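Trainee: give the three-dimensional model of this entry:
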Amino acid sequence: MIKALFFDVDGTLVSFNTHKVPESTIEALREAHKCGVKLFTATGRPRQLLNNITEVEDIMDGFILATGAQCVYGDKVVRQDLIPTHEAEAIVDFCNRLDVPAVIVGTKDLQIINRNDSVNHVFYDMLKVTYNKFDVPVEEVIRQGILQITPFLTEDQEHTILPHVPGTTSARWYPAFCDLTSATADKANGIRAIAEHMGINISETMAFGDGGNDLTMLRAAGVGVAMGNALNEVKAHADYITSSVDEDGITNALKHFEII
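Mentor: Numbering: from 1, shown residues only. Take a look at the predicted model:
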């Protein structure tokens, strides 16, 4: 019996075409929640940038954020994995030397270094981010503890810096940038932490995703569901492939598994 559902956000809960949660998904999630199933996001976005699920935010029981670096059940942080401070500083220095943009996500605030048109396009045009609190200096954000750094690095640049920061790992779900987090943070560990806190077995969980940073959780969950619009690599590791986010994919999967 599935007791908890975990959803990637961009490309899974939220359409890249409309930038909204489809109406069919809203109805399906509300029906599942009424049946007692717990609902969670499992996203690469930190909490500060999770502004695109307002239609279902009120029924979310918790959040796996920043690719698993912060896991929240209700108001309680049940797991948090920070990038080692000296490694966060090294990554920031690397980006500054290359004049590469990076989003620095602290436990409270975030800052963007070397902002350019590419960042603005991804943030405001593609992801429709509305966050605008950039008054905290990057040095102070680093002192808070770093959940995630999202640099706009090429894959070659990414492979150059990673050997120098062994406590950090990378996940790429969009070609223009990668998400750097603690090497112990991923969505699978997030699901494990939430399941343990709930007192359920991970076999009683189901996870939905479409991107490369969803692979670990699709393999770890009791049932891993790939969206029809998912990468082929993600589909290859899924237990079930549903239709796309814009073709009632979540609703169809929940009906297939008789959750609703």
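Trainee: now do the domain split for this structure, please.
Mentor: Domain ranges of the chain: 4-80+185-256, 85-182, per automatic domain parsing.
Trainee: quick one: end-to-end distance for the first one.
Mentor: Distances were taken as CA to CA, to the nearest Å; on that basis the terminal residues of domain 4-80+185-256 are 16 Å apart.
Trainee: and if you look at stretch 15-23?
Mentor: Where stretch 15-23 begins and where it ends lie 11 Å apart, using CA to CA.
Trainee: the residue nearest the centre of the chain: what's it in contact with?
Mentor: When CA atoms, centre = their mean is applied to the chain, the residue found nearest the centroid is residue 43 (1.7 Å). Shown in contact with residue 43 (CB atoms under 8 Å, 6 or more residues apart in numbering): 8-10, 50, 63-65, 67. Every C-beta, even on glycine, is put in place using the N, C-alpha and C of the backbone.
Trainee: the domains of the chain into a markdown table, with extra columns for mean pLDDT?
Mentor: As requested, the domains of the chain are arranged in a markdown table below (pLDDT from 0 to 100):
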| stretch | mean pLDDT |
| --- | --- |
| domain 4-80+185-256 | 96 |
| domain 85-182 | 92 |
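Trainee: give me whichever of those is most buried.
Mentor: Counting by mean count of other CB atoms under 10 Å, domain 4-80+185-256 has the highest mean neighbour count of these, with a mean of 21.
Trainee: burial count for residue 184?
Mentor: Other residues lying near residue 184 total 13 when counted by other CB atoms under 10 Å.
Trainee: got the phi/psi numbers for it?
Mentor: When read as degrees, to the nearest 10, the backbone of residue 184 gives phi -100, psi 0.
Trainee: measure it to residue 17 for me?
Mentor: Residue 184 sits at a distance of 35 Å from residue 17 (criterion: CB to CB, to the nearest Å).
Trainee: ditto for residue 7
Mentor: 17 Å.
Trainee: do the same with residue 255
Mentor: Here residue 255 is placed at a distance of 23 Å from residue 17 (CB to CB).
Trainee: chain center to the longest helix along the chain: distance?
Mentor: As assigned by DSSP state H, the longest helix anywhere in the chain is helix 85-98. Computed by CA atoms, centre = their mean, to the nearest Å, the chain-centroid distance of helix 85-98 equals 22 Å.
Trainee: look up how far residue 13 lies from the residue nearest to the centre of the chain.
Mentor: Distance of residue 43 to residue 13, given as CB to CB: 8 Å.
Trainee: now residue 176
Mentor: The gap separating residue 176 from residue 13 is 21 Å, by CB to CB.
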